[in-house]
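Asker: Give me a model of this one.
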Amino acid sequence: MISDAAAGFDRRLVLAAAMIVPSVVIATQLYASYRIEGIPVSYGPTLVLQLCHWELWTFAGPFVWDLERRWPLSQRGSLLRHAMAAPALAAMVILVYVPIYETVARLPWIARSFPSMNRPLISMVAFFFFVYFHVELLVYGTIVAAAHARRATAVLRQKEHDALRLEAELTGARLAVLRTQLQPHFLFNTLHTIGSLILQQQGERAVQLIAELGELLRSTLAKRDSDLATLGDELVAIRRYLRIEEARFGDRLCVEWNVEPAALGALVPSFILQPIIENAFRHGIARRSSNATLRIGAEIDDESLQVTVYNDGPPLAENFSSTSAGGYGLKNVQERLRARRPAGHFEIVNTGDGVTATLRLPRVDRDDSRVAS
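Answerer: Presented below is the predicted three-dimensional model:
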């Protein structure tokens with residue numbers, strides 16, 4: 001963090017550079033005016049005298065800056081305070097400049113090329129007030145406006161930072177809620193399958209499924225504090241789930257895998273594939289009386305990861321839309337993807353003699369330091 005002393009020094013440097021502008025402008029005006037009137041004068045001495053004048057704001061300016069911080073323009077009564085302070089400070093700058101002018105103007109190299117003001121001190125002070133006082137007020141107002149703009153910008157940036165932090169916290173909380181909603185949904189479906197086996201008097205298979213379910217829940221609890229998992233870890237959980245479904249469908253189910261090895265290290269939202277697989281079974285494979293195929297694929301490039309889940313079940317209705325799907329699981333998937341930054345994309349469409357669900361995510365590798373959501 002920049003200290004107050006360093007910030008004050010930086011402001012003086014900025015003011016010193018800025019005050020060159022009125023020095024050059026007024027020196028040019030005076031030089032042109034003297035030349036038009038036929039008074040011999042050199043530009044260099046004229047500019048030196050103006051620099052001696054306006055660079056005084058290098059010292060007065062930080063005080064004005066502090067006044068704006070003490071009397072912010074947004075505060076009631078501040079304009080009146082500045083209206084009283086501005087003339088006082090402008091007069092002080094002019095009164096300090098008078099002896100400086102008298103001293104510098106008498107230097108030999110200045111006196112030879114710049115007309116002397118042979119006036120009484122009171123007359124000279126009155127002349128400077130008449131010529132420069134309104135410009136001094138303008139400089140005071142400019143510094144106050146700059147200080148106000150700088151402070152307002154800092155406040156705005158802080159508010160934006162707080163808003164982004166709050167948004168991130170709310171997004172994290174929302175993802176946590178969605179995830180906790182999804183786990184009971186998956187558990188209910190799995191217990192339903194086990195119950196069906198028990199009703200069919202397939203006790204041994206039911207025991208095997210309970211063991212698989214135990215392993216699946218154990219791995220789920222192990223990563224309950226993380227919203228991200230590698231695709232490889234997700235597919236391990238999916239394989240356990242598929243063993244549960246294979247016990248239900250037996251030889252009728254054929255599972256095919258087409259996953260690029262490079263995709264296994266990519267990070268995905270944890271438990272994001274589970275409802276997509278469940279949907280393929282519930283609305284596709286379970287509705288077939290003959291053999292059924294489930295095909296899971298994953299491709300990755302420099303920008304994105306694409307995961308596809310195909311089943312050869314009945315096609316979707318003509319008016320089907322993934323954004324308005326009635327299933328709870330798919331809604332959960334889409335809400336989780338929308339809540340992420342950057343957002344992912346999900347769609348489910350008819351393809352040939354089956355249905356394909358496609359999940360697209362920005363590529364984020366396990367060792368990628370950009371992971372923030």
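
Asker: how many neighbours does Gly354 have?
Answerer: For Gly354, the neighbour count with other C-beta atoms under 10 Å is 19. Where you see a C-beta, it was placed from the backbone N, CA and C, and this is true even at glycine.

Asker: Would you agree it is in contact with Tyr310?
Answerer: Yes - because the distance of 5.6 Å satisfies C-beta atoms under 8 Å, Gly354 is recorded as touching Tyr310.

Asker: Mutual contacts of these two, please.
Answerer: Shared between the contact lists of Gly354 and Tyr310 (criterion: C-beta atoms under 8 Å, 6 or more residues apart in numbering) are residues Thr293.

Asker: which SSE is Phe271 in?
Answerer: Per DSSP states H and E, Phe271 falls between elements, in no helix or strand.

Asker: Pretty sure Tyr205 sits in a strand.
Answerer: Residue 205: Arg, not Tyr. No - for Arg205, which was evaluated using DSSP: H, G, I helix; E, B strand; the rest coil, the result is helix, with no strand membership.

Asker: what's the burial count for it?
Answerer: If you count neighbours by other C-beta under 10 Å, Arg205 ends up with 18.

Asker: and it, what is it in contact with?
Answerer: For Arg205, the set of contacting residues under the criterion of C-beta under 8 Å, 6+ apart consists of Leu197, Ala247.

Asker: mind checking how far it is from Ile277?
Answerer: In this structure, Arg205 and Ile277 are separated by 20 Å, where distance is defined by C-beta to C-beta, to the nearest Å.

Asker: again with Leu30
Answerer: In this structure, Leu30 and Ile277 are separated by 84 Å, where distance is defined by C-beta to C-beta.

Asker: more neighbours, the two?
Answerer: Looking at Leu30 and Ile277 with other C-beta under 10 Å, you find the greater number of neighbours at Ile277, namely 22 against 18.

Asker: Give me the next element, helix or strand, following the one helix or strand the more buried one maps to.
Answerer: Using DSSP H and E, Ile277 sits within helix 274-283. Using DSSP H and E, the helix or strand that follows helix 274-283 in sequence is strand 292-300.

Asker: Tell me the strands beside that next one, with direction?
Answerer: When pairing is defined by DSSP bridges, strand 292-300 lines up against strand 253-259 (parallel), strand 304-311 (antiparallel).

Asker: For Ala149, find the nearest of those.
Answerer: Taking C-beta to C-beta as the criterion, strand 304-311 is the member of the strands paired with strand 292-300 that comes nearest to Ala149, at 41.7 Å.

Asker: how far out from the middle of the chain is the helix or strand following the closest one?
Answerer: Per DSSP H and E, strand 304-311 leads on to helix 328-339 as the next helix or strand towards the C-terminus. The gap between the average C-alpha position of helix 328-339 and the chain average comes to 23 Å, counting by C-alpha atoms, centre = their mean, to the nearest Å.

Asker: now whichever strand or helix holds Tyr101, how far from the centre of its chain.
Answerer: Under the criterion of DSSP H and E, Tyr101 resides in helix 78-105. Between the centre of helix 78-105 and the centre of its chain there are 45 Å (C-alpha atoms, centre = their mean).

Asker: do stretch 351-362 as well
Answerer: Offset of stretch 351-362 from its chain centre (C-alpha atoms, centre = their mean): 32 Å.

Asker: How about stretch 74-84?
Answerer: On C-alpha atoms, centre = their mean, the centre of stretch 74-84 falls 35 Å from the chain's centre.

Asker: Give me the contacts around it.
Answerer: For stretch 74-84, contacts defined as C-beta under 8 Å, 6+ apart pick out Leu67, Glu68, Trp71, Pro72, Leu73, Tyr140, Val144.

Asker: burial measure for the fourth one, as a count.
Answerer: What that stands for is Pro72. Look at Pro72: counted by other C-beta under 10 Å, it has 15 neighbours.

Asker: Just confirm it contacts Ala149, I think it does.
Answerer: No - under the criterion of C-beta under 8 Å, Pro72 makes no contact with Ala149, lying 11.7 Å away.

Asker: Excluding chain neighbours, what is closest to Leu121?
Answerer: Using C-beta to C-beta, 6 or more residues apart in numbering and skipping residues adjacent in sequence, the residue nearest Leu121 is Val98, 7.4 Å away.

Asker: Which element, helix or strand, includes Arg360?
Answerer: Secondary structure assignment for Arg360, by DSSP H and E: strand 354-362.

Asker: Pull up the pairing partners for that strand, direction included.
Answerer: Those paired with strand 354-362 in the sheet (DSSP bridges) are strand 304-311 (antiparallel), strand 345-351 (antiparallel).

Asker: In the last one, which residues are buried?
Answerer: Read it as strand 345-351. Neighbour-count burial for strand 345-351, with 16 or more other C-beta atoms under 10 Å as criterion, is recorded at Phe346, Ile348.

Asker: Same question for the first one.
Answerer: Burial within strand 304-311, assessed by neighbour count using 16+ other C-beta under 10 Å, is assigned to Leu305, Gln306, Val307, Thr308, Val309, Tyr310, Asn311.

Asker: Mean confidence (pLDDT) on it, please.
Answerer: With pLDDT averaged residue by residue, strand 304-311 scores 93.

Asker: the inter-axis angle of that strand versus helix 274-283?
Answerer: For strand 304-311 against helix 274-283, the angle by axes from the mean of the first three to the mean of the last three C-alpha atoms, to 10 degrees is 20 degrees.

Asker: just how off-centre is strand 304-311 within its chain?
Answerer: On the basis of C-alpha atoms, centre = their mean, the separation between the geometric centre of strand 304-311 and that of its chain is 30 Å.

Asker: just for the stretch 151-300 of the chain, where's the confidence low?
Answerer: Applying pLDDT under 70 to the stretch 151-300 of the chain flags residues 167-187, 189, 216-217, 219-226.
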